[in-house]
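# A predicted structure for the sequence below; I have some questions about it.
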Amino acid sequence: MLSRLLKEHQAKQNERKELQEKRRREAITAATCLTEALVDHLNVGFQWVGTPDVESLSRPRALGVAQAYMNQRKLDHEVKTLQVQAAQFAKQTGQWIGMVENFNQALKEIGDVENWARSIELDMRTIATALEYVYKGQLQSAPS
């Protein structure tokens with residue numbers, strides 16, 4: 001009697017294990033199907049039915065994950081391109097600033113030369129006037 005109860009108990013346990021294993025496999029299969037369905041749904045996204053009108057164009061269109069990923073890759077590429085162009089522009093701007101500073105310095109030097117030339121010219125006129133005055137003074141004091 002005890003051995004019969006033991007065998008019945010073991011048989012019921014085996015049945016439960018098999019039923020539990022069957023349910024586990026069904027749950028895994030159902031979860032896999034659900035996951036695939038969700039991924040497919042997200043990848044496809046929502047599409048317009050028929051021709052889009054002005055109203056529907058003003059509403060944001062839901063995109064699939066794949067399309068969003070492609071858009072993100074395009075944006076990343078554009079960002080990298082923009083960074084390179086911004087660096088080139090900054091370098092070129094620095095060169096322009098250097099050229100303008102050099103030009104400004106050259107203008108200052110020309111201004112300095114111009115002031116020097118005016119000073120020399122004024123000194124030369126002063127000397128010429130003094131020499132002319134001395135020459136006229138000598139002519140007047142000389143006996144005729």
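Cool, the structure landed.

# C-terminal to the lowest-mean-pLDDT helix or strand in the chain, what's the next element?
Using mean pLDDT, DSSP states H and E, the weakest-scoring helix or strand in the chain turns out to be helix 54-58, at a mean of 51. Downstream of helix 54-58, the next assigned helix or strand under DSSP states H and E is helix 65-141.

# I'd like the distance from that next one to the chain centre, please.
Mean-position distance between helix 65-141 and its chain equals 32 Å (CA atoms, centre = their mean, to the nearest Å).

# dump the residue contacts of Val39.
Contacts for Val39 (CB atoms under 8 Å, 6 or more residues apart in numbering) come out as Val65. All C-beta atoms are positioned from the backbone trio N, CA, C, and that covers glycine.

# in terms of helices and strands, where is it?
Using DSSP H and E, the element containing Val39 is helix 2-44.

# and the average pLDDT for that helix is what?
If you average the pLDDT over helix 2-44, you get 89.

# with stretch 90-102 instead?
96.

# any residues touching it, and which ones?
Under the contact criterion CB under 8 Å, 6+ apart, stretch 90-102 has no outside partners.

# ok, now how distant is Lys17 from Arg24?
To Arg24, Lys17 is 10 Å away according to CB to CB, to the nearest Å.

# again, but for Arg125
Distance, Arg125 to Arg24, by CB to CB: 114 Å.

# what's the answer for Asp76, then?
Asp76 is 42 Å from Arg24, where distance means CB to CB.

# kindly report the same for Ala90.
As judged by CB to CB, Ala90 and Arg24 stand 62 Å apart.

# swap in Gly137?
For Gly137, the distance to Arg24 (CB to CB) stands at 131 Å.

# again with Glu15
Separation of Glu15 from Arg24 (CB to CB) stands at 15 Å.

# swap in Gln140?
Gln140 is 136 Å from Arg24, by CB to CB.

# over to Gly98?
Distance, Gly98 to Arg24, using CB to CB: 74 Å.

# cool, Glu18 as well?
For Glu18, the distance to Arg24 - CB to CB - is 11 Å.
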